[in-house]
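A.B. asks: Okay, structure incoming, though there's no sequence with it:
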Ligand SMILES: [Mn+2]
C-alpha cells in the first residue's frame, strides 16, 4: 500500500473515532478552500459528528450559495478551545491565520491538503499532491466514511473541483475529477448554478477594477511574460476587495505566447501580494518559494515587502531567469 493510501485510511479512522472537530481553512479562501471545509462539515454531519467551522475573515460573497457558509463562526465570537481539528487546503500552519489559536495545547490536528509545498505541520497528515483539489481528497474520505456524493456534500465538493481546475480546463483536470463530477450529477447535482455563481458572475466593481487593471498590463521577456500591477490607489478608487482581484492574473497568463502571467496587488503601500501562473514549462512554485511563498507547479503566490515598482522589478527578474532556462 502506498504512503498516501495509508494516510487516507488513517484520516478516515481519525474522523470516525473522534468528535467535536474544529474545521479551518486558509485566509483569503477560494472555492476549493471553502468547498472542502464545508463539504467535510456536511460529511461529518451525515455520520453524526459535531463540528465547528471557524475563520478570521468575513465570507466572500461569491460563495454565499455554499450550504453551511452562514454557520461559519468568526474567531472573535468563538469562546472555547478544541481538542480535535482539521485544516483544509493549507500548505502551512501560517496560512490558517488566527483560527489556529482556538486549538487546545496538545490538540490533534489533521492536515488535509494537495499542495506540493505542504510542510506536513499536522499531528496527522493527509497530503495528496496528486489530487487536483482538496475537494477531491474529501470526496475520497466521504467514500471511506460511506457518505454518498449527493445533496449539500456534492454542492460543496463540486465547487472546489470546478474552481481549482479552472472549470475543468487546467492541466490538473484528470479523468478522476470528471468521474467524481459525473457521479455527483448522476446523484442529482445541478452544475450550472454552481458555475454561474462561483466563476461566471461579475459585480460592477469587478468589471471597473478589470478595466483599470488591464490598462496597466505589460509584457516582458520577449512576450513570454505578462504582468498586471494593481496599485493600492486603483483598489481604493474602485472599492475592490481582495476577492475581486483573484481572477485578474488569468488575463496576463492567457495572453497569446505568454508562458508566465503575474498579478501584483499592492495590499498597502510597502507590501505587495504576487500571484504567479504558468502554462506549460515554468515551475512557478519554485519562484514563489524564493520570495517566501509557495503553491503549485502552475499556480503559486507570495507576499513581498517593498514599493510596487520595486517588487515588480525583483519578481520579473526572477521569472525571466526561470523562463530563460526553460
Ligand atoms: Mn486547492
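C.D. replies: Good, I have the coordinates. Since the model is a prediction, treat every value here as computed from it, not as a measurement.
A.B. asks: Endpoints of stretch 25-38, how far apart?
C.D. replies: End-to-end distance for stretch 25-38, by CA to CA, to the nearest Å: 10 Å.
A.B. asks: and if you look at stretch 78-98?
C.D. replies: Separation of the first and last residues of stretch 78-98 by CA to CA is 12 Å.
A.B. asks: I'd like the mean pLDDT over it, please.
C.D. replies: For stretch 78-98, mean pLDDT is 96.
A.B. asks: Could I get the buried residue list for it?
C.D. replies: If you call a residue buried by 16 or more other CB atoms under 10 Å, then stretch 78-98 has these buried ones: 82, 84-92, 95-97. C-beta here means a position set from N, CA and C on the backbone, and glycine is covered the same way.
A.B. asks: so which of those also contact the ion?
C.D. replies: By CB under 5 Å from the ion, the members of the buried residues of stretch 78-98 lying near the ion are residue 89.
A.B. asks: how about CSV for the buried residues of stretch 78-98, with distance to residue 34 and secondary structure added?
C.D. replies: Compiled in CSV, the buried residues of stretch 78-98 are given as follows (distance: CB to CB, whole Å; DSSP: H, G, I helix; E, B strand; the rest coil):
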residue, distance to residue 34, secondary structure
82, 19, strand
84, 21, strand
85, 17, strand
86, 14, strand
87, 13, strand
88, 9, strand
89, 9, coil
90, 13, coil
91, 16, coil
92, 19, coil
95, 14, helix
96, 14, helix
97, 14, helix
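A.B. asks: helix or strand right after whichever strand or helix holds residue 16?
C.D. replies: When elements are assigned from DSSP states H and E, residue 16 belongs to helix 3-17. As assigned by DSSP H and E, the chain's next helix or strand after helix 3-17 is strand 21-25.
A.B. asks: So is that next one next to the ion?
C.D. replies: No. Counting by CB under 5 Å from the ion, no contacts exist between strand 21-25 and the ion, the nearest distance being 9.4 Å.
A.B. asks: And the contacts of that strand?
C.D. replies: 15, 33-34, 36-37, 40-41, 44, 49-55, 82, 84-90, 96, 99-100, 102-103 (CB atoms under 8 Å, 6 or more residues apart in numbering).
A.B. asks: Quickly run through the sheet partners of it, with directions.
C.D. replies: Using DSSP bridges, the strands paired with strand 21-25 are strand 51-55 (parallel), strand 82-88 (parallel).
A.B. asks: Could you measure from residue 130 over to the ion?
C.D. replies: Counting by CB to the ion, to the nearest Å, the separation of residue 130 from the ion is 13 Å.
A.B. asks: which residue sits closest to that residue, ignoring its sequence neighbours?
C.D. replies: Among residues not flanking residue 130 along the chain, residue 4 sits closest, at 7.4 Å (CB to CB, 6 or more residues apart in numbering).
A.B. asks: Make sure that neighbour is actually in contact with residue 125.
C.D. replies: No. At 10.1 Å, residue 4 does not count as touching residue 125 under the criterion of CB atoms under 8 Å.
A.B. asks: what does the chain put close to the ion?
C.D. replies: 32, 89, 134, 164.
A.B. asks: which residues are contacting the lowest-mean-pLDDT helix or strand in the chain?
C.D. replies: Lowest mean confidence among the helices and strands of the chain (mean pLDDT, DSSP states H and E): strand 294-295, at a mean of 90. Outside of strand 294-295, the residues within contact range by CB under 8 Å, 6+ apart are 91, 92, 115, 117, 276, 284, 285, 288, 300, 301, 302.
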